[in-house]
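1. 3D, please:
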Amino acid sequence: MNHWEYDDNKVETKEVAITISSMIIGVGILTLPRILAGTTTSSDGWISILMAGGATALIAYLLAKFAGMYAGGTFFEYVRSLVTKPVAIVITAMMSVYFVSFVSYEVRAIANISKTYLFDQTPTEYISLVFLLIVAYAVSGTRIGLLRLNTMFFPIVIIVTLMLLFFSNSIVHWEDLKPFFVTDLKHLTLGAKDSVFSMLGFEIILFYTTMMKRPKEAPRAAVIGVAIPVLLYMLVYLICVGTFTPWALREIGYPAIELAKEVKIPGEFFERTESIFFTIWIMTIFNTASMALDIAVHTAHSIVGKGNRLQLVAVMCPFVYLISMFPKNVIEFAHFGEIISYMGFLIIGMVLVLFVIAKAKGMGK
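-> Numbering: from 1, shown residues only. Coordinates of the predicted model:
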């Protein structure tokens, strides 16, 4: 009996790059055009996205280099070899809490957006619960299966998005992109900070490098995985500015979805293109939430060392659901997202410090 080509527990470099892109492309792309329109002037937000993309690619490269040092073990085991065991437990536990919060944010976001555009009569609590149960079911399987799922879904998401952007050419007023380069450095930097918030998620390279056939290629996968969302974010932002104007864009909650509503496909083959776009986007948010929960379970298990995967998923899901229900309105939900983003920066900073310690000790050679 012949084995399939993918009948193994290791993934290729391109699959890890796709996984990182799938993790980054989530809720952020739906709201980033509005945020940048309120921070930058005219269409200069693309500069902020480019600045954020360069910084993110550099940090992802460094994290991948660090992850390559323990390709034969786990994150917790390697950190424990660099610092004391209690400190390693605290850092790894912070990782788990961060990704639990990440899942909670994605679950609540998909519920808010679904209630706005699809299920206006359905309570947010029910939508969140159903989506979380689907994510939990996916995470209960093998880790390699999640990465294969990204490889299957990602091309569909990219193709549909590019098609929508292509057909939106007829409604874009390109003159609204002018004037260029009129935003000062301070506001460009603020826009870059907001853009980096939308690109968090690349930290998963710390945990999926161990599953690569060639761990030394992890830095290249990380850079490619960041570059794809950066280009996509720039395209979506510029098209949204040209369609709605920078002033109107500031008042639109989810510009990317509203853009899909305005697109008309020749021949009227599809009348409600936003439904297609939103359905496809659920796929990438599902991937993002599934990988975040997977890493939360993985890091918790590396600390506890007891219980199987299914038991940890069952323990974590109630906490994910309760946290997702904490924000009572849109303002609190936005603040919740900011808190998670700052948690991500804190954790990335700690990992970079660990990288310096590892280099100082001459480890990983």
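2. CA atoms for contacts and neighbours, from now on please.
-> Fine.
3. Flag the shaky bits of the stretch 251-365 of the chain, pLDDT-wise.
-> For the stretch 251-365 of the chain, applying pLDDT under 70 flags the ranges 266-272, 307, 363-365.
4. Run through the helices of it in chain order.
-> For the stretch 251-365 of the chain, the helices defined by DSSP state H, counting those that start in this stretch occupy 255-262, 273-304, 309-324, 330-360.
5. so which of those helices comes closest to His187?
-> Taking Cα to Cα as the measure, those were each checked against His187, and helix 330-360 came out nearest at 18.1 Å.
6. For the closest one, buried residues please.
-> For helix 330-360, the neighbour count (16 or more other Cα atoms under 10 Å) marks 333, 336-337, 340-341, 343-344, 347-348, 351, 354-355, 358 as buried.
7. CSV for those residues, including distance to Gly191?
-> What follows is these, written out as CSV (distance: Cα to Cα, whole Å):
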residue, distance to Gly191
Phe333, 20
Phe336, 19
Gly337, 16
Ile340, 18
Ser341, 14
Met343, 19
Gly344, 18
Ile347, 22
Ile348, 20
Val351, 25
Leu354, 29
Phe355, 28
Ala358, 33
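8. biggest separation within those, which pair?
-> Farthest-apart pair in the buried residues of helix 330-360 is Phe333 and Ala358; separation 37.6 Å (Cα to Cα).
9. thinking again about what came up before, of all the helices of the stretch 251-365 of the chain, which one is nearest Ile59?
-> Nearest to Ile59 among the helices of the stretch 251-365 of the chain is helix 330-360 (8.3 Å), distances taken as Cα to Cα.
10. any idea of the angle the closest one forms with helix 309-324?
-> Using axes from the mean of the first three to the mean of the last three Cα atoms, to 10 degrees, the direction of helix 330-360 lies 130 degrees away from that of helix 309-324.
11. gap between the nearest residue to Ile285 once chain neighbours are set aside and Ala222?
-> Taking Cα to Cα, 6 or more residues apart in numbering as the measure, Ile285 lies nearest to Gly26, with 5.1 Å between them; neighbours along the chain are not counted. From Gly26 over to Ala222 the distance is 17 Å, taken as Cα to Cα, to the nearest Å.
12. Which of the helices or strands spans the spatially closest residue to Ala300 that is not a sequence neighbour?
-> With sequence-adjacent residues excluded and distances taken as Cα to Cα, 6+ apart, Ala300 is closest to Ser96, at 6.1 Å. Counting by DSSP states H and E, the element that carries Ser96 is helix 85-117.
13. got the buried residues for that helix?
-> When burial is assessed from 16+ other Cα under 10 Å, helix 85-117 yields the following buried residues: 88-89, 91-115.
14. any idea of the mean pLDDT for that helix?
-> Per-residue pLDDT over helix 85-117 has a mean of 92.
15. now it against helix 273-304, angle please.
-> Orientation of helix 85-117 against helix 273-304 (the same axes, to 10 degrees) gives an angle of 160 degrees.
16. From the contact counts, what lies against helix 85-117?
-> Counting by 3 or more Cα pairs under 8 Å, 6 or more residues apart in numbering; DSSP states H and E, the packing neighbours recorded for helix 85-117 are helix 75-82, helix 124-139, helix 273-304, helix 309-324, helix 330-360.
17. Nearest to Thr209, out of those helices?
-> Closest approach to Thr209 among the helices and strands packed on helix 85-117 (Cα to Cα): helix 75-82, 10.2 Å.
18. Return that closest one as PDB; C-alpha atoms alone will do.
-> Extracted as PDB, the C-alpha positions of helix 75-82 are listed here (Å, rounded to 0.1, in the frame of the first residue of the first chain):
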ATOM      1  CA  PHE A  75      10.000  26.300  23.600                       C
ATOM      2  CA  PHE A  76       9.600  25.600  27.400                       C
ATOM      3  CA  GLU A  77      12.500  23.200  27.400                       C
ATOM      4  CA  TYR A  78      14.800  25.600  25.700                       C
ATOM      5  CA  VAL A  79      13.900  28.600  27.800                       C
ATOM      6  CA  ARG A  80      14.500  26.400  30.900                       C
ATOM      7  CA  SER A  81      18.000  25.900  29.700                       C
ATOM      8  CA  LEU A  82      18.600  29.600  29.400                       C
END
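19. Appreciated, that's everything.
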